[in-house]
Structures are given as structure tokens and as C-alpha cells.
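Asks: My questions concern the predicted model and sequence given below.
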Amino acid sequence: MAKYDLVVIGSGPAGRRGAIQAAKLGHSVLVIEKGRRVGGVSVHTGTIPSKTLRETVLNLTGWRERGFYGRAYRVKKDLQAKDLMLRLHKTLDHEVDVLEHQFARNGVHTLQGAAYFVDPGHVEVKTCDDETKTIEGERFLIAVGSRPYRPEHVPFDGKRVFDSDDILELPYLPRSLTVVGAGVIGIEYATIFSALDVSVCLVESRTSMLDFVDRELVAEFTHELRDRGLAIRLGAKVDHIEVSQGQTLVVLEGGRQMRADMLLYAAGRMGDTGPLKLDACGLTPDNRGRLSVDPKTYQTAVPHIYAAGDVIGFPSLASTSMEQGRIAACHAFNSALPPSPEFYPYGIYAVPEISTVGMTEEEVRERGIAFECGVARFRETSRGHIMGIEHGMMKMLFAIDDRRLLGVHIVGEGATELIHIGQAVLNLKGTLEYFVENTFNYPTLAEAYKIAALDAWNRMPRL
Ligand SMILES: Cc1cc2nc3c(=O)[nH]c(=O)nc-3n(C[C@H](O)[C@H](O)[C@H](O)COP(=O)(O)OP(=O)(O)OC[C@H]3O[C@@H](n4cnc5c(N)ncnc54)[C@H](O)[C@@H]3O)c2cc1C
């Protein structure tokens, strides 16, 4: 029977980073992956595909140039679903190749098949040849990720009604699309399709969306979406969904109806723990299939079994999953870790992008911190003029007493890259003066930092 110091179940960002970290610390590692290729949701159906699709759409539609050349401007006329898929497959092949090379270079073994526990120290793996292999592990990392929530009453068929996995197999581009669920995934796809000139209606049962984002930013974002014709129905509870006369029909409680060529159901995801037979190792997931862990070490209730990534819930991002996997592996093999940074950035790759780090204005108020805020609009920067940018803003919050940066919130072109300047200053406990006194490359969108800081400085008490 094969025996390893660390057995990792799942090869997504959490599993992959945990495996490589343990191998770098000199331990034997096996990664078990039930999918045909390594990489997880992140590479095959989530992060990378949706971001590649977004990039392709922005490029082929000429989206970024429309500020100059008008709404009718297109790089490629008559866009088809196959135009969008071409780049997707190339990118995914490259990602898998890099990952396989990383495993090989670090001596990480891989096994294809679905794993389940037989006791706290062993898993069995059903391989694709229908063989069953037993593996002994000194420690385990459960990194099985999540799958789309597919309630029984939704008539998924992969032709008109999709979840966020099979939307990537889109047979043709719809003229209209209903998206149910205004979480990050629903919003990203709704705005990407809207950039393709598909008529999109976004339906959400709650009365607000993106609750972890600064409200002023969400207001700016929603205004921009509505301005370009994307319909947003908040507080709209779905009564039932059906396919009738070749169209999808959503009937809301109260009777309001919405028809569209296609429907994307993106109302949540479930931890993929069902097939793991967790009772054999003494663990019980919650009703959404998620495991609870010690947030510092990522140990489950069974100390030699760790869990990281989407399977432990919020924030369910590839970026944070990687870090959790790494921390779990370091803890498992007694490798000291520096304290984690106080703030992680969040990126929402909608069109337009949103990115945020630190406290929102609502959080600052709740904590009773005296603050001042500064705002910059991208159209105020020379780079913005050159790029023909009409929208986009940055908001920064500073404490009045020690002038420390408290949070940065950006909506618009390049937000997910720009945020890292704010993240560095925030985690290094920098102040307003950093932005006011430093020189930024010119012309750049990063100049928005200086403009927003000066805006706050104008209202701050003098030193
Ligand atoms: C549409 C979409 C867009 C996203 N965009 C972003 C983004 O822009 N930025 C970002 O940071 N995050 C994004 N995410 C989230 C990100 O993809 C996830 O947070 C991340 O993939 C979670 O990593 P993970 O390692 O926990 O699991 P996963 O990536 O889900 O990988 C888990 C792996 O475990 C395997 N597995 C499951 N059960 C077993 C078993 N029993 N035996 C063997 N193998 C098993 C699965 O086959 C899978 O390959 C997005 C997600 C989606 C769906």
C-alpha cells in the first residue's frame, strides 16, 4: 500500500499550493484528482475560463475603445460562441501544462480518481480504470472545492438553462439572458454578456447585492450597468422556472414574468464533500457541504486532517484558497509562518471591474472611527483621457487622528491591478502623506491615488 506524509484531495488552488509547499519542506506528497486533468474549478470552469472569456469579449467587441469611437464600434463583427471558445481552450491548456510541470519539478505525485475516506488514516481511490487503490496518509488536506448549487425545481438542460459550469459549453450566443443570483459569479457573467450586447436581466431575491463592498461603489456600479441597459431586479423571489415555446420563463412571486433565450442559474455553490464519506474519518459537513476549521491553522475537528479553499466557505476565492493551502501545509509540518497580513484584496471581474481592500465606509462608521474620504474619477486622469474612459472611480478612507489609510475601493478599468498599491500601503500601515508626497508615473490610472488622497487632504485637519 502506498504511504505519503501528506495526501491532498483535490488539485485546485488550495490543494496545489498545499502540495507544493509540503514538497518544498521535504515531504512526500500525493495529490488525488477526480477530474480528467489537474487544476480544479479555478482552471477548468471558474476563475481562468471566466476571466479568459471576459478578456476575449472586451477585445473582440472593442469595448475599451467605445469611449472614443462610439457604442457601435466593433473589432469583430458577427461574433459567434466559437470565437469566444478558441482563446479559452488555449489558455486552459497552458495553465494545465504549467501546473503539471510544477508538480513534476517538486516531486509531487498525482493520481487520477475519486477519493473517499475508509478511516482517519486511509483513503480509497476509484481510478478511471475502475480499480480501487488504498492510500495511507500521515496527514490529509481536503481541498475538494465546490460545485454549483442545482436545486431540483430548476430545469437545467445544458441547452437553454445553464449553471456556471456548463455555461462555458454555450452552443451559440443568445439574444437575451436571464441571470438568477447576483453574487459575484452571477454579476460577472451578467456584465460580460451585456458587453456582448446580449439583453440581460439580473434577478436577485435579496434587496441588495455585493454586501461586502462599499455602498457608494455599488451605487456607482449599478448606475453604470443600468445606464447601458442591463436590467437589475432586486428583492425578486423566483417562484418557478420553466422552458416554454423555446424560451426560458422565470415567474417571480407576485406573478411578474421574464422571458429570455437562455438562463444562467448562479445562486450559490455547495462544498463537494458528499462523496468523501467523511463519517469514516469523524467529520461532519454543514448543510451546504462545508467543513469548519481553525481559521489560523486550517485544521478540522480531526487534527491531522486539514481543509482549505471553497470547502471551508467564505471568501471562496482562488487567491485566498492558495494561501490557506500553503498555511495548512506549513502548520502540518511545523514550519513557522509569519503572521498573516491584516487585509486581503477582493477582485470582482465584472465589466467594469471592482476591487477593494480594507474597511468600507460602513465598517469604519460601525467601529466609530473618525474618518475622512477622498474620491478620484478616472476621467480626471490624463491616462483616462488617452484611453477614452468615461466611468470609473477610486475612493480612499483615512483615519483623522493618525492619518492612516483605512480602505481603498475601486470600480473601473484596471481596478483589480490598481488595488495592490493600496493593499501594500494599508498592510504596511501607511498614511495619507505617502500618496500626497510621492510621485506616480504619468500618465497612469494610478495617479487616481494621488488625486483621491489630495481630495481627502483638502478636508483633513491641518498637521
Ligand atoms: C465562474 C467562477 C469565477 C470565479 N472567478 C474567480 C476570480 O476571478 N478570482 C478568484 O480568486 N476566484 C474566483 N473564483 C473562485 C475560485 O475558482 C475558487 O475559489 C477556487 O477554485 C477554489 O479552489 P479550491 O482549491 O478550493 O477548489 P477547486 O478549484 O474547486 O478544486 C477542487 C478539485 O477537487 C477535485 N475533487 C473534488 N472531490 C474530489 C474527490 N473526492 N477526489 C478527488 N478529487 C476531488 C475536483 O475535481 C476539483 O478539481 C471563481 C469561481 C467561479 C465558479
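Replies: Arrived safely.
Asks: How about the contacts made by Arg233?
Replies: Neighbouring residues of Arg233 by Cβ atoms under 8 Å, 6 or more residues apart in numbering: 201-204, 252, 258. From N, CA and C alone the C-beta is placed, and that goes for glycine too.
Asks: To clarify, my last question referred to Lys277.
Replies: The neighbourhood of Lys277, defined by Cβ under 8 Å, 6+ apart, consists of 116-118.
Asks: Most neighbours out of those, which is it?
Replies: Neighbour counts for the contacts of Lys277, by other Cβ atoms under 10 Å, peak at Phe117, which reaches 23 neighbours.
Asks: For it, name its beta-bridge partners.
Replies: Following DSSP bridges, Phe117 is listed with bridge partners Val123.
Asks: wait, isn't Leu6 in contact with His27?
Replies: Yes. Using Cβ atoms under 8 Å, Leu6 makes contact with His27 at a distance of 5.7 Å.
Asks: Adding neighbour count and pLDDT, write the contacts of Arg233 out as a markdown table.
Replies: Output for the contacts of Arg233, formatted as a markdown table (neighbours: other Cβ atoms under 10 Å; pLDDT from 0 to 100):
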| residue | neighbour count | pLDDT |
| --- | --- | --- |
| Cys201 | 21 | 98 |
| Leu202 | 27 | 98 |
| Val203 | 26 | 98 |
| Glu204 | 22 | 97 |
| Leu252 | 17 | 97 |
| Met258 | 21 | 96 |
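Asks: List just the nearest of those to the ligand.
Replies: Nearest to the ligand among the contacts of Arg233 is Leu202, at 15.0 Å by Cβ to the nearest ligand atom.
Asks: The closest one in helix, strand or coil?
Replies: strand (DSSP: H, G, I helix; E, B strand; the rest coil).
Asks: does Met258 really touch Ser199, like I thought?
Replies: No. At 10.8 Å, Met258 and Ser199 do not qualify as touching, with contact defined as Cβ under 8 Å.
Asks: Provide a list of residues in contact with the nearest residue to Ser382 once chain neighbours are set aside.
Replies: Counting by Cβ to Cβ, 6 or more residues apart in numbering, Ser382 lies nearest to Pro443, which is 3.7 Å off, once chain neighbours are set aside. By Cβ under 8 Å, 6+ apart, the residues touching Pro443 are 381-383, 385-386.
Asks: Could you do Thr273 as well?
Replies: 142, 144, 285, 289-291, 311.
Asks: Which one (most neighbours) among these?
Replies: Greatest neighbour count in the contacts of Thr273, by other Cβ under 10 Å, goes to Ile142: 34 neighbours.
Asks: tally of neighbours for the spatially closest residue to it that is not a sequence neighbour?
Replies: Take Ile142 and drop its neighbours on the chain: the residue closest to it by Cβ to Cβ, 6+ apart is Ala307, 4.2 Å away. Per other Cβ under 10 Å, the neighbour tally for Ala307 reads 29.
Asks: And for Ile348?
Replies: Neighbour count of Ile348, defined by other Cβ under 10 Å: 22.
Asks: need the residues of the stretch 51-200 of the chain near the ligand, please.
Replies: 51, 114-115, 143-146, 164, 185 (Cβ under 6 Å from any ligand atom).
Asks: Helix, strand, or coil at the residue of the stretch 351-463 of the chain found nearest the ligand?
Replies: Nearest to the ligand, among the residues of the stretch 351-463 of the chain, is Thr416, at 8.1 Å (Cβ to the nearest ligand atom). Following three-state DSSP, we place Thr416 in the helix state.
Asks: quick one: it from Ser340, how far?
Replies: Counting by Cβ to Cβ, to the nearest Å, the separation of Thr416 from Ser340 is 21 Å.
Asks: Between the two, tell me which one has more neighbours.
Replies: The neighbour comparison of Thr416 against Ser340 (other Cβ under 10 Å) goes to Thr416, with 17 against 13.
Asks: Which element, helix or strand, includes the residue nearest to that one when sequence neighbours are not counted?
Replies: Leaving aside its chain neighbours, Thr416 sits nearest to Gly347 (3.9 Å; criterion: Cβ to Cβ, 6+ apart). Assigned by DSSP states H and E, Gly347 belongs to strand 346-348.
Asks: next helix or strand past that strand?
Replies: The C-terminal neighbour of strand 346-348 among helices and strands, as given by DSSP H and E, is strand 354-358.
Asks: mean confidence for that following strand?
Replies: Averaging pLDDT along strand 354-358 gives 98.
Asks: chain center to it, what's the gap?
Replies: Mean-position distance between strand 354-358 and its chain equals 13 Å (Cα atoms, centre = their mean, to the nearest Å).
Asks: elements contacting the helix or strand that that strand is followed by?
Replies: Later in the chain than strand 354-358, the nearest helix or strand by DSSP H and E is helix 361-366. Contacts defined by 3 or more Cβ pairs under 8 Å, 6 or more residues apart in numbering; DSSP states H and E place helix 361-366 against helix 215-227, strand 371-377, strand 393-399, strand 405-411.
Asks: Contacts for the longest one next, please.
Replies: Read that as helix 215-227. With contacts defined as Cβ under 8 Å, 6+ apart, helix 215-227 is touched by 191, 194, 208-210, 232, 350, 352, 354, 356, 360-362, 391, 393, 395, 409-411.
Asks: could you pull out the strands for the stretch 101-250 of the chain?
Replies: Assigned by DSSP state E, counting those that start in this stretch, the strands in the stretch 101-250 of the chain fall at 109-119, 122-127, 132-142, 146-148, 161-162, 176-180, 199-203, 231-233, 238-244, 247-252.
Asks: just those strands: most buried one?
Replies: With neighbours taken as mean count of other Cβ atoms under 10 Å, the strands of the stretch 101-250 of the chain reach their highest mean count in strand 176-180, at a mean of 25.
Asks: Now do the contacts for the residue positioned nearest the centre of the chain.
Replies: Among the residues of the chain, the one closest to the centroid is Leu317, at 4.6 Å (Cα atoms, centre = their mean). For Leu317, the contact set (Cβ under 8 Å, 6+ apart) comprises 346-347.
Asks: for the residue nearest to Gly422 when sequence neighbours are not counted, what are its contacts?
Replies: Spatial nearest neighbour of Gly422, excluding adjacent residues (Cβ to Cβ, 6+ apart): Val408 at 3.1 Å. Counting by Cβ under 8 Å, 6+ apart, Val408 touches 356-358, 394-397, 419, 422-423, 426.
Asks: so Leu92 makes contact with Val43?
Replies: Yes. Between Leu92 and Val43 there is a contact under Cβ under 8 Å: 6.2 Å.
Asks: And the helices in this protein?
Replies: Taking DSSP state H to define them, one finds helices in the chain at 13-24, 40-44, 47-61, 66-69, 81-105, 184-195, 215-227, 318-332, 361-366, 382-387, 415-427, 432-437, 447-459.
Asks: CA atoms of the first one as PDB?
Replies: Output of helix 13-24 as PDB, limited to C-alpha atoms (Å, rounded to 0.1, in the frame of the first residue of the first chain):
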ATOM      1  CA  PRO A  13      -5.600  26.300  -5.900                       C
ATOM      2  CA  ALA A  14      -5.800  25.200  -2.300                       C
ATOM      3  CA  GLY A  15      -4.600  21.600  -3.000                       C
ATOM      4  CA  ARG A  16      -2.000  22.600  -5.400                       C
ATOM      5  CA  ARG A  17      -0.400  25.300  -3.200                       C
ATOM      6  CA  GLY A  18      -0.600  23.000  -0.100                       C
ATOM      7  CA  ALA A  19       1.000  20.100  -2.000                       C
ATOM      8  CA  ILE A  20       3.900  22.200  -3.400                       C
ATOM      9  CA  GLN A  21       4.500  23.800   0.000                       C
ATOM     10  CA  ALA A  22       4.700  20.400   1.700                       C
ATOM     11  CA  ALA A  23       7.000  19.100  -1.000                       C
ATOM     12  CA  LYS A  24       9.300  22.100  -0.700                       C
END
